[in-house]
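**Student:** Sharing a sequence plus its predicted fold:
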Amino acid sequence: MNGSSQNRLVLTATVAREDVLRYTPAGMPVLEMWLGHHSRQQEAGFERDVNCEIQAVLVGEIASRWAGKLVGRDVDVAGFISQRSMKNPRLVLHIEYVELVKG
């Protein structure tokens, strides 16, 4: 598979917490946050409750735009999953799109 939009993860979640906006040595803004996701899904013909917390990161202009504005808010996000770093295989959602859920 290539890097097309078909490989994007789309998720509705609540921003449980976020770190303070920081900058990489190259000056790139980075905002780390944790998303709480709760839903009811179909799996193998049965309904299942899904509850999880997902570590996520926004990098670049999108991080600056949303810093300090998302905690406690419901959001629709889209992005891709990658390992945290070359030395840390823990998965992190790299958010490329954020929209507040109207409620």
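**Tutor:** Right, received. Where do you want to start? Numbers count the residues shown, from 1 in each chain.
**Student:** elements contacting the helix or strand encompassing residue 75?
**Tutor:** Using DSSP states H and E, residue 75 maps to strand 74-83. In terms of contacts (3 or more CB pairs under 8 Å, 6 or more residues apart in numbering; DSSP states H and E), strand 74-83 is packed against strand 9-18, strand 91-100. In short, each C-beta sits where N, CA and C put it, glycine included.
**Student:** Format the ones you listed as TSV; extra columns: mean neighbour count.
**Tutor:** Output for the helices and strands packed on strand 74-83, formatted as TSV (neighbours: other CB atoms under 10 Å):
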stretch	mean neighbour count
strand 9-18	16
strand 91-100	16
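**Student:** Could you export those as CSV, including mean pLDDT and distance to residue 40?
**Tutor:** What follows is these, written out as CSV (pLDDT from 0 to 100; distance: least, CB to CB, whole Å):
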stretch, mean pLDDT, distance to residue 40
strand 9-18, 96, 12
strand 91-100, 97, 21
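**Student:** will you turn the ones you listed into a markdown table that also has distance to residue 85?
**Tutor:** Shown next, in a markdown table, are the helices and strands packed on strand 74-83 (distance: least, CB to CB, whole Å):
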| stretch | distance to residue 85 |
| --- | --- |
| strand 9-18 | 19 |
| strand 91-100 | 9 |
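**Student:** what about those, which gets the closest to residue 67?
**Tutor:** If you check each of these against residue 67 by CB to CB, strand 9-18 wins as the nearest, at 7.6 Å.
**Student:** Off-centre distance for the closest one?
**Tutor:** Mean-position distance between strand 9-18 and its chain equals 5 Å (CA atoms, centre = their mean, to the nearest Å).
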